[in-house]
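1. generate a structure from the sequence data that follows.
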Amino acid sequence: MFSYCADPSTLSGLTWLSCYLTTGVHMSFYTAFGKVLLLLAITAPVALGFGFLGAMSARSPVAPVAWLGKAYIAVVRGVPDIAFFLFFVIALDQGFEYLRHKVLCPDWDQPIRQGNDFIVCQAAKLPLGSAPEWQHETYGFFLAVLTFSIVFGAFAANVIFGAMRAVPRAQMETAEAFGMTRRQSFWRILVPQMWVYALPGLSNLWMVLIKATPLLFLLGIEDIVYWARELGGTKTPRFTDYPHGDWRVWYFLALLVFYLTFTRVSEKLLDRIMQRLSHGQATAAGEAQRRAQA
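-> Numbering: from 1, shown residues only. Sure, this is the predicted structure:
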């Protein structure tokens with residue numbers, strides 16, 4: 001990046017370090033932090049949507065819908081995250097390719113499953129083999145977001161389902177006595193109040209989601225853990241212009257600082273949201289606010 005970085009062998013001290021930290025691979029390392037933040041920004045609302053739909057399904061008066069919602073919560077929560085990530089991404093990818101294969105290659109006369117191999121026509125592959133690298137990375141990132149959302153959506157569904165049950169039944173009965181329909185009482189009475197009960201559990205789930213982002217490394221995405229391992233490992237002059245020893249401890253220390261800082265900021269924001277939601281509510285937090293203002 002700097003003009004004096006043309007010949008790294010002549011550099012030393014801070015000058016060498018400034019050139020080392022601005023190489024192309026380090027820019028990929030810095031970009032990987034953006035990938036993590038983007039994953040969280042997209043996954044959190046999508047997982048919350050899955051959770052809300054799952055909770056609504058679990059409390060549905062229609063038995064098959066309720067069974068489906070409860071099965072989603074129980075099955076996904078009961079499978080270890082790593083096992084689900086490794087299995088589901090492969091199954092989801094093959095499912096997409098299978099559907100495309102049936103639509104785009106109807107004349108295919110060979111079996112798709114040949115022993116341990118899953119073979120579809122070239123037009124059905126996702127993404128196409130001739131596609132640029134950014135499409136491959138975007139597709140992998142999309143699968144990761146969908147997988148994270150489904151997994152953490154099940155935990156969110158369990159939290160929201162419990163929060164809905166925590167809202168006093170008398171509130172719903174009062175709404176019905178005033179002539180509200182079941183739909184109106186759900187959206188105007190139950191949903192606004194249940195967030196107070198759901199937020200502590202959702203806050204913990206958000207922290208778990210932050211800590212789970214290194215699983216991107218297992219999904220083949222070049223995230224911050226991948227680059228920390230690659231850049232921190234021992235480099236010899238034969239393979240790089242900036243040789244160094246085993247510096248992985250420093251790279252992973254940087255990840256430690258990043259995650260601790262991010263979780264601390266998240267705690268502050270969640271505390272403010274909790275205070276705002278608790279205002280005027282008949283809960284312990286709302287009562288504490290009223291006493292503080294008295």
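2. which residues touch Ala212?
-> The contact partners of Ala212, by CB atoms under 8 Å, 6 or more residues apart in numbering, come to Asp81, Phe148, Phe152. C-beta coordinates here come from the backbone N, C-alpha and C atoms, glycine included.
3. typo on my end, Gly153
-> By CB under 8 Å, 6+ apart, the residues touching Gly153 are Val46, Ala47, Leu48, Gly49, Phe50, Gly51, Leu53, Gly54, Val76.
4. which one of these is nearest His136?
-> Distance to His136 across those (CB to CB) is lowest for Val46, with 21.6 Å.
5. tally of neighbours for the closest one?
-> Other residues near Val46 come to 17 when the count uses other CB atoms under 10 Å.
6. likewise Pro64?
-> Neighbour count for Pro64, taken as other CB under 10 Å: 9.
7. please tell me how far it sits from Phe186.
-> In this view, Pro64 and Phe186 are 20 Å apart by CB to CB, to the nearest Å.
8. now Asp271
-> 28 Å.
9. between these two, who's got more neighbours?
-> Neighbours around Asp271 and Phe186, counted as other CB under 10 Å, are more numerous at Phe186. The numbers are 17 against 11.
10. what about that one, which SS state?
-> Under DSSP: H, G, I helix; E, B strand; the rest coil, the three-state class of Phe186 is helix.
11. show me where the stretch 101-250 of the chain has its strands.
-> Using DSSP state E, counting those that start in this stretch, the strands of the stretch 101-250 of the chain run over residues 113-114, 117-118.
12. put together CSV for those, with mean neighbour count and mean pLDDT on each row.
-> Output for those, formatted as CSV (neighbours: other CB atoms under 10 Å; pLDDT from 0 to 100):
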stretch, mean neighbour count, mean pLDDT
strand 113-114, 10, 76
strand 117-118, 11, 76
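13. got those strands as TSV, with distance to Glu133 columns?
-> Formatted as TSV, these follow (distance: least, CB to CB, whole Å):
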stretch	distance to Glu133
strand 113-114	28
strand 117-118	23
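14. out of those strands, the one nearest Val103 is which?
-> Nearest to Val103, of the strands of the stretch 101-250 of the chain and by CB to CB, is strand 117-118 at 16.9 Å.
15. check whether Arg77 really touches Phe161, as I assumed.
-> No - using CB atoms under 8 Å, Arg77 is not in contact with Phe161; the gap is 11.5 Å.
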